[in-house]
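Engineer: predicted model and sequence follow; I will ask about them next.
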Amino acid sequence: GVTRGVTQRTAVVRSQQYNLAFCPAGGVDQQLEYICKMGRQYIRNWRNPFSTAAWIHLTIVRCHPFDDGNGRLARLLCSIPLIKHGFPPLALMPEFKTAYYEGMNRAWDGDFSTLIACFFESMRTALVHVERLVDTDYDVVGRRVAINGVPVSVAERDGEDVGMVAS
């Protein structure tokens with residue numbers, strides 16, 4: 001896709017809790033070059049993969065280079081230092097949404113501790129869920145799934161699988 005530098009679209013997120021401003025459209029491409037340069041350097045040299053992941057995530061989200069998919073891109077790229085250090089990719093669990101936005105705002109002001117803690121605790125929670133799956137018995141027939149004998153169906157949105165919900 002093309003960046004907002006090409007489309008010249010402005011991006012702002014406003015909610016009752018948070019107001020996030022993003023890089024002006026005219027500065028997006030230059031900011032992306034900086035993020036790539038510094039990201040490569042940080043991945044090679046930083047010893048704390050969670051600090052590196054938090055920096056990469058914050059800078060990509062705050063740059064907001066594309067009209068859509070910026071959060072997914074940020075989670076994917078910030079997972080690189082985590083994976084390089086033996087951790088799984090970042091998984092932001094829904095119950096950490098408030099802590100995530102608070103962490104993003106604090107990190108923007110220079111304090112990354114809340115965002116790093118959010119990433120770490122969310123990863124720990126995700127791993128607990130994964131560990132539970134190890135003891136789970138799945139039976140898949142077509143689009144029907146039974147988990148430990150309880151039938152569930154695959155949720156769909158515009159023909160796209162988005163997860164499983166209890167039947």
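Structural biologist: Everything's here; your move.
Engineer: quick check: longest helix of this structure.
Structural biologist: Longest helix of the chain, by residue count under DSSP state H: helix 113-134.
Engineer: which other residues reach that one?
Structural biologist: 50-51, 53-54, 57-58, 82, 87-88, 90-93, 95-96, 99-100, 102-104, 106-107 (Cβ atoms under 8 Å, 6 or more residues apart in numbering). The C-beta positions use only the backbone N, C-alpha and C, and glycine is treated the same way.
Engineer: in helices, which of those fall?
Structural biologist: Counting by DSSP H, the contacts of helix 113-134 place 50-51, 53-54, 57-58, 82, 99-100, 102-104, 106-107 in helices.
Engineer: do a quick rundown of the strands in the protein.
Structural biologist: Per DSSP state E, the chain carries strands over the ranges 12-14, 19-21, 138-141, 144-147, 150-157, 160-166.
Engineer: avg pLDDT for the third one?
Structural biologist: Going back to what we said before, that points to strand 138-141. The pLDDT scores in strand 138-141 average 58.
Engineer: the first one now?
Structural biologist: Model confidence over strand 12-14 averages 61 on the pLDDT scale.
Engineer: quick revisit: mind listing what's buried in the longest helix of the chain?
Structural biologist: Judged by neighbour count (16 or more other Cβ atoms under 10 Å), helix 113-134 contains these buried residues: T114, L115, I116, C118, F119, S122, M123, T125, A126.
Engineer: got phi/psi on P88?
Structural biologist: Main-chain dihedrals, P88, degrees, to the nearest 10: phi -70, psi 170.
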